[in-house]
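Undergrad: model this:
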Amino acid sequence: MRKFKGICIIILLFYIIYFLQINFFSWFTIRGIMPNIFVILILFLGLFAGKKIGGIFGLIFGIILDILIGKSFGFNGIFLAIIGLLGEYFDKNFSKDNRVTIILMTVGSTILFEIGMYVVNILKFHIEIEILPFILTLLVETIYNVFLVIIFYPGIKKLGYYLENIFKNKKLITRYF
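TA: All right, here's what the predicted structure looks like:
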């Protein structure tokens, strides 16, 4: 029952973030560039809920995004799933309680996602490679994502630990013995 409740919370978060991404942040762009809040959501799912949850929901949410707003089918799902799987790696090797490491994880995940999608678009649509506009877009989107993580980190952390208690079932005594 607890896992069902956790999954319902994750799906509700997806709907809220989809609404914010499509409606709210389309009004508040910086040079026509919006943040990618889905990268932040999947990164935090991987960090707090584990690689299975992060990878599965990254794939599912990415496919849903491809169906609703994407140009190419499946690639958002693949790259979001990779970010969800990386969340578990980050969780094992870095601290979730330090804002600097969370910011660096957000920067790395945003860069990985955007470079992956740019390469896919170059290969699939045979577009011309324009490095300078891409770097500018990547820089603005990364700064925007970091800014949002800094603002919403206390709430994300609280909800993240709640999801971690549901999905990871960590018990301190069994961890050391």
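Undergrad: where's the most centrally placed residue in the chain, which helix or strand?
TA: Geometric centre of the chain, nearest residue: residue 39, 2.2 Å, by Cα atoms, centre = their mean. Here residue 39 is covered by helix 37-49, with elements defined by DSSP states H and E.
Undergrad: pLDDT averaged over that helix - what is it?
TA: Averaging pLDDT along helix 37-49 yields 93.
Undergrad: run the angle between the biggest helix by length in the chain and helix 37-49 for me.
TA: Secondary structure of the chain per DSSP state H: the longest helix is helix 131-167. If you take axes from the mean of the first three to the mean of the last three Cα atoms, to 10 degrees, helix 131-167 sits at 30 degrees to helix 37-49.
Undergrad: what residues of helix 131-167 count as buried?
TA: Of all the residues in helix 131-167, those buried under the rule 16 or more other Cβ atoms under 10 Å are 137-138, 140-142, 144-146, 148-149, 153, 156-157, 159-160, 163-164, 166-167. Glycine gets a C-beta too; all of them are placed from N, C-alpha and C.
Undergrad: where are the low-confidence patches of this structure?
TA: Per-residue confidence for the chain (pLDDT under 70) gives these ranges: 70, 170-177.
Undergrad: distance of residue 79 from residue 37?
TA: Taken as Cβ to Cβ, to the nearest Å, the spacing of residue 79 relative to residue 37 amounts to 15 Å.
Undergrad: got it, and residue 107?
TA: Distance from residue 107 to residue 37, by Cβ to Cβ: 15 Å.
Undergrad: out of these two, which sits in the busier spot?
TA: Shown here are residue 107 and residue 37; by other Cβ atoms under 10 Å, residue 37 has more neighbours (21 against 15).
Undergrad: so the more buried one touches residue 147, yeah?
TA: No. With contact taken as Cβ atoms under 8 Å, residue 37 and residue 147 are classed as non-touching, separated by 11.6 Å.
Undergrad: hang on, the earlier thing: using PDB, write out every CA atom in the helix holding residue 39.
TA: Below are the C-alpha coordinates for helix 37-49, written out as PDB (Å, rounded to 0.1, in the frame of the first residue of the first chain):
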ATOM      1  CA  ILE A  37      12.300  20.300 -15.000                       C
ATOM      2  CA  PHE A  38      11.800  16.600 -16.000                       C
ATOM      3  CA  VAL A  39      15.600  16.100 -15.800                       C
ATOM      4  CA  ILE A  40      15.500  17.400 -12.200                       C
ATOM      5  CA  LEU A  41      12.500  15.100 -11.400                       C
ATOM      6  CA  ILE A  42      14.100  12.000 -12.700                       C
ATOM      7  CA  LEU A  43      17.500  12.800 -11.100                       C
ATOM      8  CA  PHE A  44      15.800  13.200  -7.700                       C
ATOM      9  CA  LEU A  45      13.800  10.000  -8.200                       C
ATOM     10  CA  GLY A  46      17.000   8.100  -9.000                       C
ATOM     11  CA  LEU A  47      18.700   9.700  -6.000                       C
ATOM     12  CA  PHE A  48      16.000   9.100  -3.400                       C
ATOM     13  CA  ALA A  49      13.900   6.200  -4.700                       C
END
